[in-house]
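S.K.: when you get a sec, could you give me coordinates for this:
(chains A, B and C)
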Amino acid sequence: MNMKPIMEDWRSFLTEQKCKLPNRGDIAEGIVAAAIAAKLSKRAGGKIQMVDVSDVIAQVGNIQQMNTVVSNVVPDFSNEHEDTVGFSISMPKRPFAALVDKNLLACLQGEYEGAVSYVNSAPMHKFATRLASNKKSNDILVKAAGTEDQKGTKVDISIVVDGNKLRNQLSLKVKGGNQFAQKTGKAFEVQKAFWEPLGIDVSGAEQQYVNIVENIPTGKPFVSRDEIDAGGYLKMASQATSLIYQQAYKTLESKLQNNRFEAEFVKLLADYIKTGAVGPESEFVELVKILPGDFKRARFGKKFYSEMEKANLYPIMSTSGAYPKIQIIYEDSDGNKSVLVQMRAKVERASGKSGGSKKYGVLMRNYLETGPALYKLAGV
DNA sequence: TGGAGGGCTGGTAGTTGCAT
DNA sequence: ATGCAACTACCAGCCCTCCA
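M.R.: Purely as a prediction, here's the structure:
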């Protein structure tokens, strides 16, 4: 008898049991907020110290409950003033429970290490030093509240100094989180709204699109996902969105000059990316991606715009997959190509409940997602 | 290890149903 | 008829998982 499959099952069982987390991104908000508080308050010998994972764990360990400030009172470098460095967390119940569950620390090791390397990096170190040496008593509050207002703001963590939200705001992602904006729904208006900010008019495909999607039932009338597959509705959705994406791609090609995007369009593209990543007005929101033991940072100020202007950018379209996709490619001076962002259609067989039983429906979505090049052009 | 395809969750607004 | 509670669809948030 071969025991190997059993052992493998057992191992995967253990892994799943151990590291089944409700939402890694939500939990990471709390970890990063605690790490920032640790950094801002770790002062000794007139210097801001490097924080380590245990400092962050200690801060997290001091959390009493949601929305309650964990406070650290620390001396200013002058020793004549005291700063209060606090942080508070607001997130859904389950991620919060996971955050404060000491048994899950091992599962979040990568996030802790990534958060530590982020707060120890130069910008945060300098910020911490400035607050510690300004010879004032500052009231500093790090707020993780990204899940509170999902429609109103992209900011997940903000640092409030003496009541002022300054330039220190973060939009957070973790490994696997590339999506940063989307439009949902099968109405043609959804497609229109998705492409409009890029100055792309897809109305040429409207009639055909509508003709197809009107055959897709609204709501959640299906009793199983198989029933959706069997009805061929995913294919219909794919065909309909392909029409839109082809139209969009044609327009994108018309904005090329010598095989790269013209300046006017690049500006629109930069705006689109910035708005999707950090919101409309926030030049000082940074996009922070926490990787296991590491991080990437992107900002969308002047430097980003000038990098975009210089960059060799062009679109490619893919229809070979299940759903259409357009990628904006960045090609550097050595000819290396990488994806800046991609627009992708997807169809979800969304679940819901009605009459006490589980029901399913067809949910059409359009995603805007980051590629590696975004952190090159917007990286700091 | 990164790309391709996909799912779960929760807030909000709108609708429905029932008690008054 | 009306008010409130329960229910649901929509849609934006978040990655997750699988496979080459």
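S.K.: list the contacts for the residue of the stretch 151-300 of chain A found nearest DNA strand C?
M.R.: Per C-beta to the nearest atom of the strand, residue A:177 is where the stretch 151-300 of chain A lies closest to DNA strand C, at 2.5 Å. C-betas here are computed from N, CA, C, even on glycine. Neighbour list for residue A:177: A:25, A:289 [criterion: C-beta atoms under 8 Å, 6 or more residues apart in numbering].
S.K.: what about it, distance to residue A:28?
M.R.: Note on residue A:177: its distance to residue A:28, by C-beta to C-beta, to the nearest Å, is 9 Å.
S.K.: same question for residue A:37.
M.R.: 15 Å.
S.K.: the two: who's more crowded?
M.R.: A direct count of neighbours by other C-beta atoms under 10 Å for residue A:37 and residue A:28 places residue A:28 higher, at 32 against 29.
S.K.: is any part of the strand or helix carrying that one close to DNA strand C?
M.R.: Under the criterion of DSSP states H and E, residue A:28 resides in helix A:24-41. Yes - contact of helix A:24-41 with DNA strand C (C-beta under 7 Å from any atom of the strand) involves A:24, A:25, A:26, A:28.
S.K.: which of those has the most neighbours?
M.R.: For the residues of helix A:24-41 next to DNA strand C, neighbours were counted using other C-beta under 10 Å, and residue A:28 has the most, 32 neighbours in all.
S.K.: thought it was touching residue A:290?
M.R.: Yes - counting by C-beta atoms under 8 Å, residue A:28 touches residue A:290, with 5.4 Å between them.
S.K.: now do the shared contacts for the two.
M.R.: Residues touching both residue A:28 and residue A:290 by C-beta under 8 Å, 6+ apart: A:111, A:115, A:172, A:174.
S.K.: relative to residue A:66, how far out is the third one?
M.R.: Taking C-beta to C-beta as the measure, residue A:172 falls 18 Å from residue A:66.
S.K.: neighbour count: those two, which is higher?
M.R.: Neighbours were tallied for residue A:172 and for residue A:66 using other C-beta under 10 Å; the higher tally belongs to residue A:172 (26 against 15).
S.K.: check chain A for its longest strand and report it.
M.R.: Criterion DSSP state E: the longest strand present in chain A is strand A:337-354.
S.K.: same for the helix or strand just after it, what does it pack against?
M.R.: Elements were assigned by DSSP H and E; along the chain past strand A:337-354, the next helix or strand is strand A:357-370. Applying 3 or more C-beta pairs under 8 Å, 6 or more residues apart in numbering; DSSP states H and E, we find strand A:357-370 packed against strand A:179-184, helix A:188-195, helix A:225-230, helix A:233-254, helix A:263-278, strand A:337-354.
S.K.: quick one: is strand A:357-370 near DNA strand B?
M.R.: Yes - Strand A:357-370 lies within reach of DNA strand B by C-beta under 7 Å from any atom of the strand, at residue A:367.
S.K.: distance from the chain centre to that strand, please.
M.R.: Remark: strand A:357-370 is offset 18 Å from the chain centroid, using C-alpha atoms, centre = their mean, to the nearest Å.
S.K.: could I get the average pLDDT for it?
M.R.: For strand A:357-370, mean pLDDT is 91.
S.K.: got a list of what the residue of chain A found nearest DNA strand C touches?
M.R.: As assessed by C-beta to the nearest atom of the strand, DNA strand C sits closest to residue A:25 within chain A, at 1.8 Å. Contacts of residue A:25 were listed using C-beta under 8 Å, 6+ apart, and they are A:172, A:173, A:174, A:177.
S.K.: out of those, flag the one nearest to DNA strand B.
M.R.: residue A:177 (9.3 Å).
S.K.: state whether the closest one is indeed within a strand.
M.R.: No - when DSSP: H, G, I helix; E, B strand; the rest coil is applied, residue A:177 is found to be coil, with no strand at that position.
S.K.: what are the phi and psi values for the residue of chain A found nearest DNA strand B?
M.R.: Minimum separation of chain A from DNA strand B (C-beta to the nearest atom of the strand) falls at residue A:321, amounting to 2.3 Å. The phi/psi pair for residue A:321 (degrees, to the nearest 10) reads phi -80, psi -170.
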